[in-house]
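In: Model the structure of this input:
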Amino acid sequence: MWESIAQLSGYFASGGYVMPPLIVATVILWWALGYRMRTLQRGSVRSTRVMLFRYLKGKKPSHQGVLSRVLRKGMALYQQDLPNLRKHLDDAFSEDIKDIKKYRVIITTIVLTAPLLGLLGTVSGMIETFDSLGDMTLFTQTGGIAGGISQALITTQMGLAVAIPGLIVNGILNKKQNRLEIEIAQIKDYLCSPLMHEVERHEIS
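Out: Residues are numbered from 1 along each chain as shown. Presented below is the predicted three-dimensional model:
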């Protein structure tokens with residue numbers, strides 16, 4: 001175990017000054033992705049129409065999720081028979097919509113920045129390599145030619161290792177977010193539809 005830790009420490013140390021920001025970026029990235037995974041839980045596999053009709057029949061959603069939470073809020077407002085219902089729904093759902101968008105910009109920024117940090121480390125490593133060639137010093141305190149090439153390759157590898165998985169996962173989560181926004185809009189349309197009262201009477205009877 002201690003040998004593995006020492007090897008890992010040596011790997012990070014070989015990357016030079018670029019590695020600490022990349023490590024911090026990796027931690028922030030996956031924390032933000034984990035947060036989005038939790039907040040983008042739909043709450044039900046049923047369509048919004050089926051969820052609404054089941055609610056009218058008294059089968060309120062007991063599970064947690066964005067659509068379940070939105071439906072409970074929407075039905076509570078609908079049953080109050082408020083004027084200008086859509087405005088009240090917009091206000092009630094704004095917090096949920098804001099929540100499913102949270103950390104999207106941070107994730108995108110890190111995914112775009114990580115390869116650039118890796119490139120910065122690559123340039124730094126190549127500069128050290130050429131300096132060593134110019135001075136004809138194969139070995140220096142920083143590793144000379146071997147250290148420069150190692151730093152150039154390691155930082156590039158780390159930058160891509162941070163960006164590629166983050167890009168894929170974030171793309172999947174963005175699709176889920178877009179789908180949830182459409183389904184929230186559908187719930188608003190159902191609740192504000194003039195036919196809603198007729199459907200409610202039919203379902204209750």
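In: Send me the helix or strand harbouring residue 87 as CSV with only the CA atoms.
Out: Residue 87 is located in helix 85-101, with elements delineated by DSSP states H and E. Only the C-alpha atoms of helix 85-101 are listed here, as CSV (Å, rounded to 0.1, in the frame of the first residue of the first chain):
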residue,chain,number,x,y,z
LEU,A,85,-52.1,30.0,-12.7
ARG,A,86,-49.2,29.9,-15.0
LYS,A,87,-47.5,32.8,-13.3
HIS,A,88,-47.8,31.0,-9.9
LEU,A,89,-46.5,27.8,-11.5
ASP,A,90,-43.5,29.7,-13.0
ASP,A,91,-42.7,31.1,-9.5
ALA,A,92,-43.1,27.7,-7.8
PHE,A,93,-41.1,25.8,-10.3
SER,A,94,-38.3,28.3,-10.7
GLU,A,95,-36.3,26.9,-7.7
ASP,A,96,-36.5,23.4,-9.2
ILE,A,97,-35.4,24.6,-12.6
LYS,A,98,-32.5,26.5,-11.0
ASP,A,99,-31.5,23.4,-9.1
ILE,A,100,-31.3,21.2,-12.1
LYS,A,101,-29.0,23.8,-13.8
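In: Work out which residue lies at the spatial centre of this structure.
Out: residue 33 (3.8 Å; Cα atoms, centre = their mean).
In: Please name the residues that touch that one.
Out: 107, 166, 169-170, 173 (Cβ atoms under 8 Å, 6 or more residues apart in numbering). In short, each C-beta sits where N, CA and C put it, glycine included.
In: Report the buried residues of the host helix or strand of it.
Out: With secondary structure defined by DSSP H and E, residue 33 is part of helix 19-39. Under the neighbour-count criterion of 16 or more other Cβ atoms under 10 Å, helix 19-39 has 19, 22, 25-26, 29-30, 32-33, 36, 39 buried.
In: which of these lies closest to residue 119?
Out: Closest approach between the buried residues of helix 19-39 and residue 119, by Cβ to Cβ: residue 22, at 11.5 Å.
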